[in-house]
Every structure is written in C-alpha cells, then in structure tokens.
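K.L.:
my questions are about this predicted structure, shown below with the sequence.
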Amino acid sequence: RFFVNFPSAKQYFSQFKHMEDPLEMERSLQLRKHARRVMGAINTVVENLSDSEKVSSVLALVGKAHALKHKVEPIYFKKLTGVMLEVIAEEYANDFTPEVHGAWTKMKTLIYTHVTAAYKEVGWAQYPTATL
C-alpha cells in the first residue's frame, strides 16, 4: 500500500522501482525481505520501549543508513508509518480502540523523531530538498 499511495518512494529501490502492478510488488521477494527488516526493527523498538538507549540506538542506525547509504528523504518515514497505522487499523478493526490508536500514534512519532534526529546528526541539511 505504501508504494501504491506514494509511488515516488519506489525510486529508492532498484529491484522494484519499475514495478507498477501492486500484486507484482506484493510477490517480490526483495520487497518482502525489506518489509521483514522494517517490521523487525519496529518489533525491536516495541520490545525495548523501557530502554530508551536501545530504542535510540536502533532508530539511529536506521536513520543513518537511510540518510547516508540510501539517500532517502526523511519524510518517507512519516508517510510509511502513517500507512502502517492505516493498515493496522483496518486489519485489527475490532481491537483498534482509541487507546490502541493513541499508542500507535505515539510509536509513529517516536520513530519519526528518532530517525530525523539521526538525519540531522549526519548533516542531512546539506541536501536542499530535505524535509525534516
């Protein structure tokens, strides 16, 4: 759904940036592998919410890699976490209470705040199109 809603995000993925069919993207082994890494990082954050240093460390690694190696605009983290929130709300509609929504909204903010802090730390401001 992320790539359907934000097709410009595909530019950062050489393996599937030219895929147009959502079903083809869904079947892509490379995309599935990346999705597992993303969810693994989020799981690590959730499991370590009481350890702010671990949370900061994990999200700093993610932010620095995406800033320096992949050159991903930081706004895509906000967009991705927004799509994730939509999908979770739809898939777990019966359990998605206002409290659960609030918790995931806090998680979305936590991720974006820490990742963008890592971007700033590595000097992402040098790129004029950056949106922090």
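P.N.:
Nice, thanks for sending it over. Numbering: from 1, shown residues only.

K.L.:
for the top helix by length along the chain, list the C-alpha coordinates in CSV.
P.N.:
What stands out as the longest helix in the chain, according to DSSP state H, is helix 98-121. C-alpha atoms of helix 98-121 as CSV (Å, rounded to 0.1, in the frame of the first residue of the first chain):
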residue,chain,number,x,y,z
PRO,A,98,-8.9,4.7,20.7
GLU,A,99,-6.2,3.7,23.3
VAL,A,100,-4.5,1.4,20.8
HIS,A,101,-4.7,4.1,18.1
GLY,A,102,-3.1,6.5,20.6
ALA,A,103,-0.3,4.1,21.4
TRP,A,104,0.5,3.5,17.7
THR,A,105,0.3,7.2,17.0
LYS,A,106,3.0,7.7,19.8
MET,A,107,5.0,5.0,18.2
LYS,A,108,4.8,6.7,14.8
THR,A,109,6.0,9.9,16.4
LEU,A,110,8.8,8.1,18.3
ILE,A,111,10.1,6.5,15.1
TYR,A,112,10.0,9.7,13.1
THR,A,113,11.5,11.8,15.8
HIS,A,114,14.5,9.5,16.4
VAL,A,115,15.1,8.8,12.7
THR,A,116,15.1,12.5,11.8
ALA,A,117,17.4,13.2,14.7
ALA,A,118,19.8,10.8,13.1
TYR,A,119,19.5,12.6,9.7
LYS,A,120,20.3,15.8,11.4
GLU,A,121,23.3,14.3,13.2
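
K.L.:
pLDDT on that helix, on average?
P.N.:
Mean pLDDT, computed over helix 98-121, is 94.

K.L.:
for the protein, name the helix or strand with the lowest mean pLDDT.
P.N.:
helix 22-27 (a mean of 90; mean pLDDT, DSSP states H and E).

K.L.:
compute the inter-axis angle for the next helix or strand after that helix and helix 98-121.
P.N.:
As assigned by DSSP states H and E, the chain's next helix or strand after helix 22-27 is helix 29-47. Using axes from the mean of the first three to the mean of the last three CA atoms, to 10 degrees, the inter-axis angle of helix 29-47 relative to helix 98-121 is 110 degrees.

K.L.:
fine by me, thanks again.
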